[in-house]
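Chemist: model the following, please.
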Amino acid sequence: MVDLWSGFSQAFWLVVTFDPELAEIAFRSLRVTLSALLVASVIALPLAALLAVKRFRWRRWIIVILNALMGLPPVVVGLVVYVILSRSGPLGVLGLLFTPTAMIVAQTIIIVPLIASVAHQSLRELWAEYHDLLISMNVTQWQKIRTLLWDSRRALLTASLAGFGRAIGEVGAIMIVGGNIDHATRVLTTAIALETGKGDFGLALALGFVLIGIAVAVNLSIHWLSRTERGDRW
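Modeler: A predicted model of the protein is given here:
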């Protein structure tokens, strides 16, 4: 119990004083995750809109695959990315293994199916309302997609938030492809695992507090941006 309280007090002090090591790890984690989220959203959201408005032969299979990949084990993604980026892999010449770029690639692969599947549900419902109107206006496929993406932007923020939540808490894949290298690829989740193993509960708890704080801050930001609560409506 004494060790527990000592760890909490040390963690509180590290957070309050904005310890340089803690800040470095937190900013790197946020930079990697936001980069992955941006890339994943650029891929997933138009894909979700395309699946909602266009009918083609393999459409249903693509939707099924995306839904199935929502539960894709992150360590498997890390292993595949590791093999591809290793020296003997097809992209080994790029030298991306054990860099933040490799971590971004792994996180992007993990969250694209999640964002696309969640976004597709909202876009499909909106397309049911807009279908007759947009067809009668004889607009192009791109105009349909753009209209759906814009009018469902609040729901899409929620889909992106779900992707962010999974990416920021990921440890398995980025441990494999990033290597948890100090001052290079160490992020919040991998640092927590390392410091816990070393018995430095104070720093581990401080990192955990920052991780929770980031998650809460992003949730509140999305809540504010999407105007979920208006007047007496929740």
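Chemist: show the average pLDDT along the helix ranked longest in the chain.
Modeler: The residue-count maximum for a helix in the chain (DSSP state H) belongs to helix 100-136. The pLDDT scores in helix 100-136 average 88.
Chemist: elements contacting it?
Modeler: helix 20-53, helix 59-69, helix 74-85, helix 141-151, helix 153-168, helix 172-178 (3 or more C-beta pairs under 8 Å, 6 or more residues apart in numbering; DSSP states H and E). Glycine gets a C-beta too; all of them are placed from N, C-alpha and C.
Chemist: buried residues, that helix. List them.
Modeler: In terms of neighbour count (16 or more other C-beta atoms under 10 Å), helix 100-136 has its buried residues at 100-120, 122-124, 126-127, 130, 134.
Chemist: same question, stretch 196-205
Modeler: Here stretch 196-205 shows 200-205 as buried, counting by 16+ other C-beta under 10 Å.
Chemist: same thing with stretch 67-86?
Modeler: Using 16+ other C-beta under 10 Å as the test for burial, stretch 67-86 gives 69-70, 72, 74, 77-82, 84-85.
Chemist: now do stretch 151-167
Modeler: For stretch 151-167, the neighbour count (16+ other C-beta under 10 Å) marks 152, 155-167 as buried.
Chemist: quick one: which two of those residues are the most distant?
Modeler: Across the buried residues of stretch 151-167, the longest distance by C-beta to C-beta is 21.6 Å; it joins Ser152 and Ala167.
Chemist: which other residues reach stretch 68-88?
Modeler: Contacts to stretch 68-88, defined as C-beta atoms under 8 Å, 6 or more residues apart in numbering, come from residues 89-92, 94, 96-97, 102, 105-106, 109-110, 113-114, 117, 170-177.
Chemist: again, 6 Å this time
Modeler: For stretch 68-88, contacts defined as C-beta atoms under 6 Å, 6 or more residues apart in numbering pick out 89-92, 96-97, 102, 105-106, 109-110, 113-114, 117, 170, 172-173, 176-177.
Chemist: same check, this time on stretch 143-160
Modeler: Stretch 143-160 is touched from outside by 41, 45, 49, 53, 115, 118-119, 122-123, 126, 134, 222, 226, with contacts defined as C-beta under 6 Å, 6+ apart.
Chemist: stretch 175-189 now?
Modeler: Contact with stretch 175-189 is made by 25, 28-29, 78, 81-82, 98, 102-103, 106, 171, 190, 207, 211, as judged by C-beta under 6 Å, 6+ apart.
Chemist: farthest residue from the center of this protein?
Modeler: For the chain, the largest distance from the centre (C-alpha atoms, centre = their mean) belongs to Ser136, which lies 37.5 Å off.
Chemist: picking that back up, closest to Gln141 out of the buried residues of stretch 196-205?
Modeler: Of all those, the one with the least separation from Gln141 (C-beta to C-beta) is Ala204, at 50.2 Å.
Chemist: isn't there a strand covering that closest one?
Modeler: No - under DSSP: H, G, I helix; E, B strand; the rest coil, Ala204 sits outside any strand and is assigned helix.
Chemist: what strand or helix carries the closest residue to it other than its chain neighbours?
Modeler: Nearest residue to Ala204 in three dimensions, chain neighbours excluded: Glu195, at 4.0 Å (C-beta to C-beta, 6 or more residues apart in numbering). Assigned by DSSP states H and E, Glu195 falls within helix 188-198.
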